[in-house]
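Trainee: here is a sequence together with a model predicted from it:
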Amino acid sequence: MKIALIDYGSGNIQSAYKALELVSNYKKKISVISNSKDLLKVDKIILPGVGAFADCMKGLKSISGMIDILNEIVLEKKKPFLGICVGMQLLATEGKEKGNHKGLGWIAGKVIKIKKKNRIKIPHMGWNTVKIISKHPILKRKKFESYFVHSYNFVCKDKKNILATCNYQQNITAIVGKENIIGTQFHPEKSQKIGLEILKNFISWNY
Amino acid sequence: MLKIRIIPCLDVKDGKVVKGTKFINLKYAGDPVKQAQIYDKQGADELCFLDITASSDKRNILYNVVKKTAQKCFMPLTVGGGVRSIEDIRKLLLCGADKVSINTAAIKDPKLIKKSSSKFGNQCIVVAIDAKQIKKNKWEIYTHGGRKKTGIDAIKWAKKMENFGAGEILLTSMDKDGTKSGFDLKLTKKISNSVNIPVIASGGVGNIQHLIDGIKIGKASAVLAASIFHYGKYTLRQVKNKMKEKGIAVRI
């Protein structure tokens, strides 16, 4: 089995790469992929993301054929897909960070700024309790703590796509999911044991 | 609910951990990668490396330390000290740092904060402020590891850095650093109430009560300490249990 970690120039993929190697016991092939053709041969895809929504989308688009091939293998061939942080936000129809920008549109919804309430600090940065509201094969616990760092929140059009939330004076979407697609707002690769567990479950997930 | 973060800090010189008093008199104390792994196991919420290597030709040693740490510890890692350019930031991020802390270079060229935060995201850019009290309710910023005064007001500077795109402030009181007598709580509270981004309190921690005060009185989002963890006075576990007992939301 081949697992692809997409490198589109968005910050640090080193930790995600090392975490995936570790949880697969160095037995499965983790490939860092930065061209669209190589993606056709993989079984699972992970899209990390750090930075602004528009910059990340631009990064993906700048790789020739990448969006088309992603659409083909994720939407048509139903290969398991995991988006992390901005990689999860890109699943939305639209992102509202620094203007309006189109996302991949795989899960209907908008990514909007976290509401400033009761003197909370933005970015939402640190460990927060994630509560699972809808069962999923890669989520084995009902409640756990994970590391978040973001200023925007994915508001799903269809509530059933929200698999988990956390509280920050408002509901923050922590995990989205739809069929073979899943996305975490938090960073599993930075969430110590619990995060590694989620990555491990993703690797062994057969959709 | 978002938890308060407890951040052990490692001062690194030529690839070795050191801990000084009031920014001078450095004591050598060990391998940063091993120490980071110990903190990781104990349940640290984040790690911070501050590089105090003087010569820039030894910079590669730091990159290696960051790389090795990121391969072993799957937790947030902030690296600071001697970060001068977009290229420096990129290199650290590629080695596996999640956030980069910038001090002297931000004062020399505040636009570096604007440029870097729009390039890598606000969450990546931590502005480090070393402040010294000059009179009642007035603090001034120092650079170059506390050797040069700037004449800049700490509170005004924190607000400006927030506007320029900093995602977090790492606030060190130079009067308190190394004294083990607690944070400068007035300073911490003033800065924390003046900005909308998280503030990490640093400088002066000698016991657990100091950490509690930093949160409860200083209103910090995170607390950073070096020597109390380093010399094994407390484990992170002990600190967190005690803080939880006192009603602070920590991750156990």
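Mentor: The structure has been received and is ready for your questions. Residues are numbered from 1 along each chain as shown, chains lettered A, B, ... in the order given.

Trainee: number of nearby residues for A:Gln14?
Mentor: By the criterion of other CB atoms under 10 Å in any protein chain shown, A:Gln14 has 19 neighbours. To be clear about C-beta, it is placed using only N, CA and C from the backbone, and glycine gets the same treatment.

Trainee: now do it against B:Ala44, distance only.
Mentor: Relative to B:Ala44, A:Gln14 is positioned 20 Å away (CB to CB, to the nearest Å).

Trainee: top helix in chain A by residue count?
Mentor: Secondary structure of chain A per DSSP state H: the longest helix is helix A:192-203.

Trainee: who are the packing partners of it?
Mentor: The contact analysis (3 or more CB pairs under 8 Å, 6 or more residues apart in numbering or on different chains; DSSP states H and E) places helix A:192-203 against helix A:14-23, strand A:44-47, strand A:143-150.

Trainee: how about the contacts made by the closest residue to A:Asn171 other than its chain neighbours?
Mentor: Spatial nearest neighbour of A:Asn171, excluding adjacent residues (CB to CB, 6 or more residues apart in numbering or on different chains): A:Thr165 at 4.8 Å. Residues counted as contacts of A:Thr165 (CB atoms under 8 Å, 6 or more residues apart in numbering or on different chains) are A:Val130, A:Lys131, A:Ile133, A:Asn171, A:Ile172, A:Thr173, A:Ala174.

Trainee: now do the SS call for A:Thr165.
Mentor: Taken by DSSP: H, G, I helix; E, B strand; the rest coil, the conformation at A:Thr165 corresponds to strand.

Trainee: residue ranges with poor pLDDT in the chain?
Mentor: No chain in the question, so chain A it is. Within chain A, the stretches with pLDDT under 70 are A:10-12.

Trainee: wrong chain, I was asking about chain B
Mentor: Applying pLDDT under 70 to chain B flags residues B:19-29, B:54-55.

Trainee: all the helices of it, residue numbers only.
Mentor: Using DSSP H, helices in chain B cover B:32-42, B:59-72, B:86-95, B:104-108, B:111-120, B:154-163, B:185-194, B:208-216, B:227-230, B:236-245.

Trainee: same question for chain A.
Mentor: A:14-23, A:53-61, A:66-70, A:86-89, A:192-203.

Trainee: need the winner for burial among those.
Mentor: For the helices of chain A, the largest average neighbour count (mean count of other CB atoms under 10 Å in any protein chain shown) is found in helix A:86-89, namely a mean of 27.

Trainee: helices or strands up against it?
Mentor: helix A:53-61, strand A:152-156, strand A:181-184.

Trainee: can you redo these as a markdown table with distance to chain B?
Mentor: Listed next are the helices and strands packed on helix A:86-89 as a markdown table, based on distance: least, CB to the nearest CB, whole Å:
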| stretch | distance to chain B |
| --- | --- |
| helix A:53-61 | 8 |
| strand A:152-156 | 11 |
| strand A:181-184 | 14 |
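
Trainee: can you put the ones you listed in JSON lines and add distance to B:Gly206?
Mentor: Output for the helices and strands packed on helix A:86-89, formatted as JSON lines (distance: least, CB to CB, whole Å):
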{"stretch": "helix A:53-61", "distance to B:Gly206": "43"}
{"stretch": "strand A:152-156", "distance to B:Gly206": "39"}
{"stretch": "strand A:181-184", "distance to B:Gly206": "38"}
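
Trainee: closest one to A:Ser204 among the ones you listed?
Mentor: strand A:181-184 (13.5 Å; CB to CB).

Trainee: partner strands of the closest one, parallel or antiparallel?
Mentor: Partners of strand A:181-184 in the sheet, by DSSP bridges, are strand A:81-84 (parallel), strand A:171-178 (antiparallel).

Trainee: related to what we said a few turns ago, got JSON lines for the helices of chain B, with distance to chain A and mean neighbour count too?
Mentor: Below are the helices of chain B laid out as JSON lines (distance: least, CB to the nearest CB, whole Å; neighbours: other CB atoms under 10 Å in any protein chain shown):
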{"stretch": "helix B:32-42", "distance to chain A": "7", "mean neighbour count": "19"}
{"stretch": "helix B:59-72", "distance to chain A": "5", "mean neighbour count": "19"}
{"stretch": "helix B:86-95", "distance to chain A": "5", "mean neighbour count": "19"}
{"stretch": "helix B:104-108", "distance to chain A": "18", "mean neighbour count": "19"}
{"stretch": "helix B:111-120", "distance to chain A": "6", "mean neighbour count": "19"}
{"stretch": "helix B:154-163", "distance to chain A": "10", "mean neighbour count": "19"}
{"stretch": "helix B:185-194", "distance to chain A": "9", "mean neighbour count": "20"}
{"stretch": "helix B:208-216", "distance to chain A": "12", "mean neighbour count": "22"}
{"stretch": "helix B:227-230", "distance to chain A": "17", "mean neighbour count": "21"}
{"stretch": "helix B:236-245", "distance to chain A": "11", "mean neighbour count": "18"}
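
Trainee: quick check: which of the ones you listed is nearest to A:Lys37?
Mentor: It is, among the helices of chain B and with distance given as CB to CB, helix B:86-95, at 24.5 Å.

Trainee: on contacts alone, who are the packing partners of the closest one?
Mentor: Helices and strands touching helix B:86-95, by 3+ CB pairs under 8 Å, 6+ apart, are helix B:59-72, strand B:99-102, helix B:111-120.

Trainee: A:Asn167 reaches A:Asn128, doesn't it?
Mentor: Yes: at 7.4 Å, A:Asn167 counts as touching A:Asn128 under the criterion of CB atoms under 8 Å.

Trainee: which of these two has more residues huddled nearby?
Mentor: A:Asn128 (24 against 14).

Trainee: close to chain B: what parts of chain A are there?
Mentor: Counting by CB under 8 Å from any CB of the partner chain, the residues of chain A close to chain B are A:11-12, A:14-15, A:18-19, A:22, A:50-52, A:116, A:121-129, A:145, A:147-151, A:167-168, A:187, A:189-192, A:195-196.

Trainee: could you turn the buried ones of those residues into a PyMOL selection?
Mentor: Burial among the residues of chain A next to chain B is assessed by 16 or more other CB atoms under 10 Å in any protein chain shown; the matching PyMOL selection reads:
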select buried, chain A and resi 11+12+14+15+18+19+22+50+51+52+121+122+123+124+125+126+127+128+129+145+147+148+149+150+151+168+187+189+190+191+192+195+196
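
Trainee: for B:Lys119, which of the helices and strands packed on helix A:86-89 is the nearest?
Mentor: Taking CB to CB, helix A:53-61 is the member of these nearest to B:Lys119, at 8.2 Å.

Trainee: same for that closest one, what does it pack against?
Mentor: Using 3+ CB pairs under 8 Å, 6+ apart, helix A:53-61 sits against helix A:66-70, helix A:86-89, strand A:94-95, strand A:101-102.
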